[in-house]
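Chemist: My questions are about this predicted structure, shown below with the sequence.
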Amino acid sequence: MDYKKFFERFESPQGFIKTAARPSMDGSTKAALNRKGNILFNKGDIEGARRIFITTGYSDGLSRVGDHYKASGRPLDALKMYWIAPDRSKAEPLIEQLSEIVKHFIYEEEKN
């Protein structure tokens, strides 16, 4: 089985992002940005809040964005937010669910 070809069907244009280092900022700047991110999140601008929370590394905000994605039927995006947060207690159940889905697809592909 050509696994590379198999998984290409599931690639999204956004994909996963690699975060190596966050920009350095003082505590007051980080707090101000996190407040702005919380305001955006509460107004429903989840993507604006996500960008800020990724920049600042605000774990609680990232986890809440992940919760929103999960509730919206976007488990891969939720997993990405939980992983960056890091909130392993929320990430691990999603990893288990997604691995079962992948196993099913592989089984079906090999069966056919």
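Modeler: Structure received.

Chemist: So, low pLDDT: which residues of this protein?
Modeler: 1-23 (pLDDT under 70).

Chemist: how about the helix or strand Asn42 falls within: buried residues?
Modeler: According to DSSP states H and E, Asn42 maps onto helix 27-43. Buried residues in helix 27-43, counted by 16 or more other C-beta atoms under 10 Å: Lys30, Leu33, Asn34, Gly37, Asn38, Leu40, Phe41. C-beta here means a position set from N, CA and C on the backbone, and glycine is covered the same way.

Chemist: Can you show me the CA trace of the following helix or strand past it as PDB?
Modeler: Sequence order places helix 46-56 as the next helix or strand after helix 27-43, per DSSP H and E. Output of helix 46-56 as PDB, limited to C-alpha atoms (Å, rounded to 0.1, in the frame of the first residue of the first chain):
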ATOM      1  CA  ILE A  46     -12.100  32.700  17.300                       C
ATOM      2  CA  GLU A  47      -9.400  33.000  14.600                       C
ATOM      3  CA  GLY A  48      -8.300  36.400  15.800                       C
ATOM      4  CA  ALA A  49      -8.100  35.100  19.400                       C
ATOM      5  CA  ARG A  50      -6.200  32.000  18.200                       C
ATOM      6  CA  ARG A  51      -3.500  34.100  16.500                       C
ATOM      7  CA  ILE A  52      -2.900  36.100  19.600                       C
ATOM      8  CA  PHE A  53      -3.000  33.000  21.900                       C
ATOM      9  CA  ILE A  54      -0.400  31.200  19.700                       C
ATOM     10  CA  THR A  55       1.800  34.300  19.700                       C
ATOM     11  CA  THR A  56       1.700  34.700  23.500                       C
END
